[in-house]
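K.L.:
Quick one: sequence and predicted model below, then my questions.
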Amino acid sequence: MSGASTDSGGQSIWSRPERGTRGPAPTHGRDAMVAAAIDLADAGGLEAVSMRAVANALGMAAGSLYRHLASRDDLLALMVDRCVGELRPYPDGPGDWRDEMVLLARRQLELYRRHRWLVDAIARPGPPGPNALAWFDTCLRVLQPVHAPVTAKFEAIAMITGVVSLFARAETASGPLRFDHVDLAAYPHLAAAFAAPPAAAPRRDLFERTLRGLLTGLLAADAD
């Protein structure tokens, strides 16, 4: 799900110790820094997150952060993985694999609603963190009943994540297109669509229909 920087001698943030050995021990640890950064992003977006802003929020010198983090990219990677941890607890089955995948996707969408910046930050390249790895592992466990190549399962997971991201971005857009004051006379198909009577019964929500359609098309033919 998320990437991590490799600024410190080619090592990713996941393989480095929590703090360097030089200098006095800082007042706040890495966990507090990540929590402060998430608060800043939730309030003002990713542009509000800088090493200096996090240091100011914690009342410490900006240089102290570099005893824990090589760069802002490290900080963003930690923020993403901390938020991905909010997807727990995972479904523990037994249940229909489609239902469980839809549930996982709904939790993803709820996560993106809580942290609007996450849909952009999560797409960064690099090795995933432990919470992201646990999420992928859970998806593969849910898809165990499906007799399909593992590459097809990874493709399905990627497509579901893409759909979740698409819906999350759509929710932050300015709103649907409006045709209230548009003359549709030259556009007969649009005019007919708007003139058609509403459906007799509401359909299952678009998010779930899209997910189930994808899962069925990509994997269901090979499932038990």
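P.N.:
Nice, I can see it.

K.L.:
quick one, domains of the chain?
P.N.:
17-69, 85-222 (automatic domain parsing).

K.L.:
Just send these back as CSV, with mean neighbour count too.
P.N.:
C-beta: built from backbone N, CA, C; applies to glycine. Output for the domains of the chain, formatted as CSV (neighbours: other C-beta atoms under 10 Å):
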stretch, mean neighbour count
domain 17-69, 16
domain 85-222, 14
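
K.L.:
weakest of the ones you listed in terms of mean pLDDT?
P.N.:
When the domains of the chain are compared on average pLDDT, domain 17-69 comes out lowest at a mean of 84.

K.L.:
Work out the gap between that one and the centre of the chain.
P.N.:
Chain-centre distance of domain 17-69: 22 Å, with C-alpha atoms, centre = their mean, to the nearest Å.

K.L.:
Not counting sequence-adjacent ones, nearest residue to the residue in the chain sticking out farthest from the centre?
P.N.:
What lies farthest from the middle of the chain is Ala185; by C-alpha atoms, centre = their mean that is 42.3 Å. Counting by C-beta to C-beta, 6 or more residues apart in numbering, the nearest residue to Ala185 once its immediate chain neighbours are dropped is Ala191, at 7.0 Å.

K.L.:
Could the C-alpha coordinates of the helix or strand containing the one you found be exported in CSV?
P.N.:
Per DSSP states H and E, Ala191 falls inside helix 188-195. This file holds the C-alpha atoms of helix 188-195, laid out as CSV (Å, rounded to 0.1, in the frame of the first residue of the first chain):
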residue,chain,number,x,y,z
PRO,A,188,-31.2,13.7,-27.5
HIS,A,189,-29.6,10.9,-25.5
LEU,A,190,-28.9,13.1,-22.5
ALA,A,191,-32.4,14.6,-22.8
ALA,A,192,-34.0,11.1,-22.8
ALA,A,193,-31.9,10.0,-19.9
PHE,A,194,-33.1,12.9,-17.7
ALA,A,195,-36.7,12.5,-18.8
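
K.L.:
tell me which strands and helices the following helix or strand past that helix is in contact with?
P.N.:
Counting by DSSP H and E, the element after helix 188-195 in chain order, helix or strand, is helix 206-218. Judged by 3 or more C-beta pairs under 8 Å, 6 or more residues apart in numbering; DSSP states H and E, helix 206-218 is in contact with helix 97-114, helix 150-172.

K.L.:
TSV for those, including distance to Trp14?
P.N.:
TSV is the format used below for the helices and strands packed on helix 206-218 (distance: least, C-beta to C-beta, whole Å):
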stretch	distance to Trp14
helix 97-114	20
helix 150-172	20
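
K.L.:
closest one to Gly126 among those helices?
P.N.:
Ranking the helices and strands packed on helix 206-218 by proximity to Gly126 (C-beta to C-beta) places helix 150-172 first, at 16.0 Å.
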